[in-house]
Every structure is written in C-alpha cells, then in structure tokens.
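Asks: just the structure for this:
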Amino acid sequence: MKKLLYAVLVASTILVVPEASATNYTLWIHGRNDGKTQAGNYNDFSYWGPSSAAAGVNKKAVNWNGTQQIGGQNSRIRDALDCFCTGTNWCYIAAHSAGNLQIGYALSLYGGSARYKKNAVPNSSGVCGNTDGTTQTGWNIKWVRVASGAGGGSELADVGEWAMSEPLVGDLVTTTARTMYDHNATRSKVFHMYAGASGTFYAAILDGQDDEAVGYHSTGGVSGSSGGAYCNPGDWFCDGTLNTGTNACSNGKAKWSNHSVALRDDGEAYNHYANGNWAGIIGPVRADVARLATAN
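Replies: Numbering: from 1, shown residues only. Got it, this is the predicted structure:
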C-alpha cells in the first residue's frame, strides 16, 4: 500500500509542470552616436551614464550602430524586444532621439507579425533562444517614454549641419523621418513624449522651441509630413503652442495617435545631451522610469 501511494505521489509530481514566472524588463534604446556602443551587449550603458543609476526594473541597454540607417539596424531592436518582451515577460521602453525612430519603426512595421517566444537568455550577439517553439503577435509592451524624440526628424539634418557621411543623417531629414513608417501605428502603445527647450546655439536653424538638436514639432509628436514651429505658451513667432497630453497644438495641428506630451519644458531647463551622466531631457525620463517601471 505504501509503495502504491508513493508511486501515485511521484506520478502526480511529474505531471504538475510549474508555470513560467513573469518578469518585467526596462529597455533603453539610444539615439545617434559614434557607433561604439556594443551591439548585442545589454549591459553596456556607456551612451547613457553610470550603469548603477536607477533606471527601471531589470534594465537593459539596447545598443545599435548609431551612425547607420534605421532600417538596417532595426533588427537589433527587434532582437531585444523578442528576448525580453515575449511569452510571459513584459517590457517598459525608454528611448532617446533617434531611438524614437527605432521603436516606432519596429512597432509600425513588425508589431503585427508573429514573434517566437524567447527565454530572455541572450547569446553574445544579443539573440535569445526559443522557449516552446510557439509564437505570439507582436510584443508585450506596457508603455514607451521618449526623451527628445526624433520621430519627426531635425532641421539640422535638413541643412547638413551634422556629418553627412553618416547614413543615419539622411533618415533624420524631417520629410524622410516623417514618411519612413506610419507614426500612428503604435499597436495601441502610448508614447509619452518629453520635450526639452534649452536650445540656443542652433536657434536660427531649428524651428520653434528646441533642445539644441530637435524641435518641439518632433519631440512633441506633432503629426504631418513636415515640421513646424511650436513653442511654449506666450512665445511669439510660432505656428502654435505645443499643448501637453494628447491635446492638439493651439493652431489645431494634431499629434500622432497615442502620442502624449508628458513634459513640456516651460522653464527651458533641459537640453538634448546625456553628457555621460543621464543628463539633459534624459534626466526626467530616467526619474519617471525609475519610479514607474516596476516588477509588478
């Protein structure tokens, strides 16, 4: 009798397969850089600042060659999304500058595709293995937060202010960036936009309020196939005021779908640059991500 009970207990134990535990990750997608970040190394935060900084639960750096075109490098972003945002795992996304183009491109063009569920264990190339061979549609993403988003391009690229030998610069031309993919197709994920306004050096080139690299028309997610001059309340010589939230600009120009301005830099305190220490407009994004991107 004891042997029979033991056999039943062992059989029951074998039949009970523990469920995979769900894990949340925070992915940081950088923008234009010198191409020296280690693609596939999710622990290389050299673009941002000290890796010890609080920047969301289980933070991962999504590195790509920031001198090359978006389309050619987007597989790096998709590898990361497959690794950490499929199966039972979910992601919070933070992006800076051209990283806005990278996550927007991935969601618009690939967010409705079948993705293999991955095990969140990357190899040296940043690619993870399959779990059970099954697929899902798109990725498990809670939200996207964007510091100085270049989804609408920059007039600095229009006039060749940046090194035109970099293929990425061609993608940052305002008309090119705005027609590269459907910016409204976010797969219902909300892009929370953080718009800096401390720019002065390139004020004559960049339209409206800017952070020395990108203007409010882009950092605020203002829709359309070309840019425009958008400013803080009370500023003169602008096309309109960039309103917060999902509200249209004061001249009636709408934002892209699911784009919401979380921070408009009324105090003109934030520029574009990380400066190796999570600085500029990246600072308030990091603070919000650290507070909101949790294990639950």
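
Asks: near Gly138, how many other residues are there?
Replies: Gly138 sits with 19 neighbouring residues when counted by other C-beta atoms under 10 Å. Every residue, glycine included, has its C-beta placed from N, CA and C.

Asks: which parts of the stretch 101-250 of the chain are strands?
Replies: 114-122, 128-137, 141-147, 191-195, 230-231, 240-241 (DSSP state E, counting those that start in this stretch).

Asks: quick one, helices of the stretch 51-200 of the chain?
Replies: Secondary structure of the stretch 51-200 of the chain (DSSP state H, counting those that start in this stretch): helices at 70-84, 99-110, 155-158, 167-171, 174-179.

Asks: only alpha carbons, please: show the fourth one as PDB.
Replies: Extracted as PDB, the C-alpha positions of helix 167-171 are listed here (Å, rounded to 0.1, in the frame of the first residue of the first chain):
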ATOM      1  CA  PRO A 167      23.900  57.200 -43.300                       C
ATOM      2  CA  LEU A 168      21.600  57.900 -40.300                       C
ATOM      3  CA  VAL A 169      21.600  61.600 -41.000                       C
ATOM      4  CA  GLY A 170      19.700  61.000 -44.200                       C
ATOM      5  CA  ASP A 171      17.000  59.300 -42.100                       C
END
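
Asks: buried set for that helix?
Replies: By neighbour count with 16 or more other C-beta atoms under 10 Å, helix 167-171 contains the buried residues 168-169, 171.

Asks: so Arg32 sits against Leu172, correct?
Replies: Yes: with contact defined as C-beta atoms under 8 Å, Arg32 and Leu172 form a contacting pair (7.4 Å).

Asks: which residue lies nearest the spatial centre of the chain?
Replies: Geometric centre of the chain, nearest residue: Ala95, 3.1 Å, by C-alpha atoms, centre = their mean.

Asks: wait, doesn't it sit right on Tyr47?
Replies: No: under the criterion of C-beta under 8 Å, Ala95 is not in contact with Tyr47, lying 11.5 Å apart.

Asks: give me the common contacts of the two.
Replies: Common neighbours of Ala95 and Tyr47 (criterion: C-beta atoms under 8 Å, 6 or more residues apart in numbering): His30.

Asks: picking up where we left off before, and Tyr270, which of the helices of the stretch 51-200 of the chain is closest to it?
Replies: helix 99-110 (15.8 Å; C-beta to C-beta).

Asks: centre of the chain versus that closest one, how much separation?
Replies: Taking C-alpha atoms, centre = their mean, to the nearest Å, one finds the center of helix 99-110 at 8 Å from the center of the full chain.

Asks: one step back: take the strands of the stretch 101-250 of the chain and write them to JSON lines, including distance to Gly276, mean pLDDT and mean neighbour count.
Replies: What follows is the strands of the stretch 101-250 of the chain, written out as JSON lines (distance: least, C-beta to C-beta, whole Å; pLDDT from 0 to 100; neighbours: other C-beta atoms under 10 Å):
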{"stretch": "strand 114-122", "distance to Gly276": "25", "mean pLDDT": "98", "mean neighbour count": "17"}
{"stretch": "strand 128-137", "distance to Gly276": "29", "mean pLDDT": "98", "mean neighbour count": "12"}
{"stretch": "strand 141-147", "distance to Gly276": "15", "mean pLDDT": "98", "mean neighbour count": "24"}
{"stretch": "strand 191-195", "distance to Gly276": "19", "mean pLDDT": "98", "mean neighbour count": "27"}
{"stretch": "strand 230-231", "distance to Gly276": "30", "mean pLDDT": "96", "mean neighbour count": "26"}
{"stretch": "strand 240-241", "distance to Gly276": "33", "mean pLDDT": "97", "mean neighbour count": "20"}
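
Asks: next, the buried residues of stretch 96-109.
Replies: Buried residues in stretch 96-109 (16+ other C-beta under 10 Å): 96-109.

Asks: could you list the low-confidence segments of this protein?
Replies: 1-20 (pLDDT under 70).
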